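> requesting a structural model of the entry that follows:
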Amino acid sequence: MASNNAGERLSSSQQPLAYAPALDDKYPSSRRSSYGWILVGALGLTTILSYGTTQYLFGTLIVPVSDTFHWNRTSISSIYAVSLLLAGLLGVPVGYLVDRYGARLFMTLGSLLGGLTFFGLASAHAAWQFALLWAGGMGIAMALFLYPVTFTVITTWFEQGRGKAFAVLTFLGGLASPIFFPLAGALLPMMGWRNMLFLFGGLHLVIAVPLHGLLLRRAPRRERSQKPQGHALLREDGVTARQALRQRPFWMLTVSFAIAMLGNTVLFTHQVAHLIQRGYDPALAATLAGGLGLASLPGRVGLNLLSERVSPRVLLGFCHVVQALGVVFLILAPSIPWLLVYVLLYGAAFGAISPLKASVIADYFGKKAYGAITALQGLPIALCNAAGPLAAGWLYDLLGHYDLAFWLCAGGFLLAGIGIALTPPARHWMPEVKTREREV
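Residues are numbered from 1 along each chain as shown. Below is the predicted model of the structure:
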């Protein structure tokens with residue numbers, strides 16, 4: 001009762017400030033929602049291109065690029081790891097700037113840089129040139145146009161139906177794997193990796209740059225007649241990044257996210273090699289890995305639509321537990337049907353994770369500093385992204401198999417699910433945080 005009274009006092013005291021007249025107040029909520037869905041469609045299309053040509057493409061380049069520059073697998077994998085680490089480190093200033101100035105300039109520059117980087121990669125004739133361009137140029141580009149930035153756009157444009165918007169965006173983004181794995185596989189023998197990268201660079205310049213530059217804009221404020229009350233106002237305003245850093249939920253969620261992401265990168269990097277080492281045909285192993293993208297589509301939609309009715313925190317913790325179960329099937333699989341169970345369980349859960357995480361962060365911290373807060377979480381996540389595949393490779397070299405590495409991944413997913421489940425619900429801590437800030 002005390003916290004509710006405090007929340008009500010805070011709401012009434014802050015309403016005049018939060019909803020002072022502004023130029024953007026004249027936009028009706030229907031127009032805001034309609035344009036928000038236009039952005040969901042545009043960002044869904046550019047997300048397919050962004051993730052398809054960075055996250056998923058690199059796996060198809062390992063063999064031809066290694067043959068061209070006479071690299072071993074550790075060396076070329078380290079280039080990808082550095083690009084992920086750089087993207088995570090740059091996420092902090094990028095998130096702050098997107099919160100302050102909007103995403104249009106940064107996503108446009110990211111797509112422009114990505115396209116030009118592909119042109120440079122296609123022309124690279126020395127190993128150091130390829131390494132510098134991918135680790136540096138692509139690392140910067142990923143910091144500017146991947147989910148942390150697009151989720152910030154969706155968070156600011158949607159107040160009602162945010163879970164549905166995340167579901168649609170990530171459903172479209174989930175098509176990146178089913179599209180670009182077979183597309184790259186077909187183009188490589190036809191035109192070689194250099195011409196393929198030149199083509200993908202052109203797609204960034206022709207498709208992503210215009211869409212980001214012409215369509216993205218900052219969200220107008222809510223109409224004054226539609227002021228939220230109580231907890232809704234607190235979530236609407238949110239907290240600053242500095243305030244979030246002082247709260248236990250921030251750290252519990254961040255550690256859980258980082259542990260889970262470590263497991264994800266290990267599996268996506270080494271699952272094909274694991275299946276080949278277990279005696280499965282390489283083509284079958286690659287097909288099963290690509291099937292994870294298709295299996296993720298129902299989870300991206302169904303579970304995120306469900307998050308409008310059920311706590312996204314609860315659903316997110318459940319998804320990590322399902323991932324752990326799926327990895328157990330992968331480790332113990334004596335036959336293909338067991339592997340199909342792994343694909344279905346792990347794929348469905350994995351597909352729901354990114355949008356559910358976005359909803360959880362919005363519920364806990366609001367949208368005032370959404371980009372900066374997610375970027376700060378991205379620092380330990382980026383470290384785990386880079387360290388996970390390298391650690392799994394080291395364990396394989398030491399033991400001759402991936403079983404221990406994958407068992408550790410299953411345990412990590414289970415710990416992540418428990419950590420998220422133990423995090424206090426957002427409605428229990430947000431009013432107290434705001435009240436303490438006001439008293440100070």
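
> contacts and neighbour counts: CA atoms only from here.
OK.

> what's the burial count for T156?
The local packing of T156 (other CA atoms under 10 Å) involves 22 other residues.

> counting contacts, what elements does the host helix or strand of it pack onto?
In this structure, T156 sits in helix 147-157 according to DSSP states H and E. When contacts are defined as 3 or more CA pairs under 8 Å, 6 or more residues apart in numbering; DSSP states H and E, helix 147-157 packs onto helix 29-53, helix 73-101, helix 162-173, helix 370-399.

> closest to R313 out of these?
Closest approach to R313 among the helices and strands packed on helix 147-157 is made by helix 162-173 (12.2 Å; CA to CA).

> what does the closest one rub up against?
37, 40-41, 43-45, 47-48, 51, 151, 154-155, 158, 297, 300-302, 304-305, 307-308, 351, 354-356, 358-359 (CA atoms under 8 Å, 6 or more residues apart in numbering).

> next, the angle helix 147-157 makes with it.
If you take axes from the mean of the first three to the mean of the last three CA atoms, to 10 degrees, helix 162-173 sits at 140 degrees to helix 147-157.

> same question for helix 162-173, mean pLDDT?
Across helix 162-173, the average pLDDT comes to 81.

> ok, stretch 116-127 next?
94.

> report the buried residues of it.
Buried positions in stretch 116-127, judged by neighbour count with 16 or more other CA atoms under 10 Å: L116, T117, F118, F119, G120, L121, A122, A124.

> I'd say I207 and T46 touch.
Yes - using CA atoms under 8 Å, I207 is in contact with T46, at 7.4 Å.

> settle it for me: which of these two has more neighbours?
Legend: neighbour count by other CA under 10 Å for I207 and T46, higher for T46 (27 against 15).

> among the buried residues of stretch 116-127, name the ones in strands.
Using DSSP state E, no member of the buried residues of stretch 116-127 falls within strands.

> list just the nearest of these to R246.
Using CA to CA, T117 is the member of those that lies nearest R246, at 38.7 Å.

> what bits of the chain have low per-residue confidence?
Per-residue confidence for the chain (pLDDT under 70) gives these ranges: 1-33, 59, 73, 220-238, 282-283, 286, 304, 427-440.

> domain assignment for it?
26-227, 228-440 (automatic domain parsing).

> count the neighbours of the closest residue to S307 other than its chain neighbours for me.
Of all residues not flanking S307 in the chain, G163 sits nearest, at 6.1 Å (CA to CA, 6 or more residues apart in numbering). Using other CA under 10 Å, G163 has 27 neighbouring residues.

> please report the distance of G163 from R309.
10 Å (CA to CA, to the nearest Å).

> related to what we said a few turns ago, make a markdown table out of the buried residues of stretch 116-127 and add distance to I418.
Formatted as a markdown table, the buried residues of stretch 116-127 follow (distance: CA to CA, whole Å):
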| residue | distance to I418 |
| --- | --- |
| L116 | 43 |
| T117 | 41 |
| F118 | 41 |
| F119 | 45 |
| G120 | 45 |
| L121 | 43 |
| A122 | 45 |
| A124 | 46 |
